[in-house]
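> Got a sequence here, can you model it:
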Amino acid sequence: MFCENCGQRIEEDSRFCPFCGHPTALAGQQAKEAVPQEQPVPGPAGGPGPQPAGETGPVPQPAGEAAPTGGPVTEPHVESQPHVEPEPHVEPKPGESAGARPVTPGPEPQPGMGPKSGPEPQPGMGPKSGPEPQFSAGPKTGPEPPFGAGPQGEPQPYPYAGPEPIHAPKKKKSKKGLIIALIVVVILAAGGITFYLIWNSAENRMNRAIKDGDLDDAAEIYVEKLAGEELSEKTLSLLQEALDQVYPAYESGAMDYDDAVEELQALSVFYAEGWNDRVDAVWSLFDALNLKNNGNYESAISRYKEALELDPESEDAKAGLEEATDLYRQDVLGKAEEYISGSSDYEGAASVLQSAIDFLGGDEELEQKLTEVNEAYSDYQKTQEDEEIAALVDEAQAMVRAGEYDEALEYLESYESVYPDSQALKDAIGDMKQDIQTAIEAEANVMAQGGAYEDALELLEEYIPQYGSLQESYDAIYNEMPIT
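Residues are numbered from 1 along each chain as shown. Modelled structure (predicted):
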């Protein structure tokens, strides 16, 4: 439906026009049902009184608008007002528009129009001071002519339209929601700015560079923005992760030496308590690995130990030291075996083993091997002595057979200083003395049997001081010698 006052389209169940506040037919109907019927009251000077509620009559129309068709139009109930003549036409003053409406005082109250005793008017239906002009409820077919303009633009008197319509009170919009929304926006904006500032801080940019593996950029940010400042736990953790990856990558061949050195140099730029020792420990690991790969196990072990002194928690240093020690142990054992198997140089083997044990500060496997070598060397020495002494005895016996008894005994006794602890030599010398005594007795007997008793006795007399048992042979030959 359309508003009777302004002609705008409004909802069917609206009681007031949302555009101009004019009451609708629905509001009038509800007011009509709520107000009881009144009797007509004679007007002043014999004129007609106001129409009773519910009755309809001709409705004046604005100039230039046709009356509605299709039956009577039901109007809402309004308070009766005295009849007021239309205002005369007034020529507009210079500067005023032709349709300007002059302000005129309202009609004087009429006698007999005292206060009404009927029911209270409905909201928005206050008393009116004059008849209200009616408009067609149907849709408009063209632009509405302005008031005060007749045919051919001739000025026309304004019809009195009564007081302004009473509009329904508008609810004030609460500012609470707007304030809350504004606070939320401010908080979000502040949070966004704070987040960006934190995200784009020098430390966070440096941490992202470390995490992405761009250590050169991280070192550059540190030198330019953060040099001298204490590194956070997060930064140290990221640096440690990067450092822990360098040595394994180089050891496995995933990173060449130049790249590894470049990363270590970048990591060396950062400073924190204990951090530079950990970086130096990795440098030691690099040197140790190269020495180990070149077979210089002793130097590699020394470098691994240096790395552990710098960073006692370095798992790479512990593993490298264990591997280098094992390789060194196997190398020493191999050299000792070569000494023994090649030239039976037990002394050389024992020397190599003992040096390795001293270098490592003790080694159970090498110490066990040294014990075995020493025992084998002792057995070897005994065998060698026995063989050498046997050869000496053979030479001495040859001298005995040649009658060189003193020379044979002296020859054997001369080796007592060479083999002071040789029981074989001692036994050989004892046996030699017995053999020499037997040989002297045999030679003397041969002489006596041949009649050379005096030669036999002379021979025995020569050796009796050394071999006292020859006295018996001397006495026997002397008794057998014929008396002449």
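> how much space between Lys292 and Gly320?
7 Å (C-beta to C-beta, to the nearest Å). Every residue, glycine included, has its C-beta placed from N, CA and C.
> Same drill for those two, tell me which one is more crowded.
Gly320 (24 against 21; other C-beta atoms under 10 Å).
> What about Thr371, how many residues nearby?
12.
> cool, and the one 3 residues further on?
Other residues lying near Asn374 total 16 when counted by other C-beta under 10 Å.
> repeat for Ala288
28.
> what about it, distance to Ala307?
Ala288 sits 7 Å away from Ala307, going by C-beta to C-beta.
> Next: Lys433.
With distances taken as C-beta to C-beta, Lys433 is found 69 Å from Ala307.
> In terms of neighbours, single out the busier of the two.
Just comparing Lys433 and Ala307: by other C-beta under 10 Å the higher neighbour count belongs to Ala307, 28 against 17.
> List of residues touching whatever helix or strand the more buried one lives in?
Per DSSP states H and E: Ala307 is located in helix 297-310. With contact meaning C-beta atoms under 8 Å, 6 or more residues apart in numbering, helix 297-310 is reached by 277-278, 280-282, 284-285, 287-289, 291-292, 314, 316-318, 320-321, 324-325, 327-328, 331, 359-360.
> do stretch 259-266 as well
The contact list for stretch 259-266 (C-beta under 8 Å, 6+ apart) reads 215-216, 218-219, 242, 246-247, 249-250, 255, 279, 282-283, 286.
> ok, now stretch 274-283?
Under C-beta under 8 Å, 6+ apart, the answer for stretch 274-283 is 231, 236, 239-240, 243, 246-247, 264, 267-268, 306-308, 310-311, 314, 316-317.
> now the angle between helix 297-310 and the next helix or strand after the helix holding Ala307, please.
Scanning forward in sequence from helix 297-310 by DSSP H and E, the next helix or strand is helix 315-343. Orientation check (axes from the mean of the first three to the mean of the last three C-alpha atoms, to 10 degrees): helix 315-343 against helix 297-310 gives 160 degrees.
> hmm, back to that, between Ala288 and Ala307, which contacts overlap?
Shared contacts of Ala288 and Ala307, counting by C-beta under 8 Å, 6+ apart, come down to Ala317, Gly320.
> so where do the helices sit in the stretch 301-450 of the chain?
315-343, 346-360, 364-401, 405-413, 423-449 (DSSP state H, counting those that start in this stretch).
> Kindly reformat the ones you listed as CSV containing distance to Ser201.
CSV is the format used below for the helices of the stretch 301-450 of the chain (distance: least, C-beta to C-beta, whole Å):
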stretch, distance to Ser201
helix 315-343, 33
helix 346-360, 51
helix 364-401, 56
helix 405-413, 97
helix 423-449, 89
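> Of all those helices, which one is nearest Gly7?
Across the helices of the stretch 301-450 of the chain, Gly7 has its closest neighbour in helix 315-343 (90.6 Å, C-beta to C-beta).
> Would you mark the buried spots in that closest one?
316-317, 320-321, 323-325, 328-329, 332-333, 336, 339-340 (16 or more other C-beta atoms under 10 Å).
> swap in stretch 275-295?
Quick answer for stretch 275-295 (16+ other C-beta under 10 Å): 275, 278-289, 291-292.
> In helices only, show me these.
Among the buried residues of stretch 275-295, DSSP state H puts 275, 278-289, 291-292 in helices.
> List the residues that contact Tyr377.
Taking C-beta under 8 Å, 6+ apart as the test, what Tyr377 contacts is Tyr346, Glu347, Ala349, Ala350.
> got a winner among the residues you listed for most neighbours?
Ala349 (28 neighbours).
> Tell me how far that residue lies from Asp363.
15 Å.
> cool, and Gln381?
From Gln381 to Asp363 the distance is 25 Å (C-beta to C-beta).
> quick one: which of those two has more around it?
Asp363 (19 against 15).
> neighbours of the residue nearest to the more buried one when sequence neighbours are not counted, just the number please.
Nearest residue to Asp363, sequence neighbours excluded (C-beta to C-beta, 6 or more residues apart in numbering): Ile357, at 5.5 Å. By other C-beta under 10 Å, 18 other residues sit near Ile357.
> mind checking how far Ile357 is from Tyr222?
From Ile357 to Tyr222 the distance is 47 Å (C-beta to C-beta).
> Please apply the same query to Tyr328.
40 Å.
> cool, and Pro482?
Applying C-beta to C-beta, the value for Pro482 to Tyr222 is 125 Å.
> again, but for Phe16
Distance from Phe16 to Tyr222, by C-beta to C-beta: 73 Å.
> Those two: who's more crowded?
Tyr222 (24 against 21).
> Can you pull the phi and psi angles for the residue nearest to Glu230 when sequence neighbours are not counted?
Distances taken as C-beta to C-beta, 6+ apart place Ala272 nearest to Glu230, at 7.1 Å, with adjacent residues excluded. Torsion angles at Ala272 (phi, psi; degrees, to the nearest 10) stand at phi -160, psi 160.
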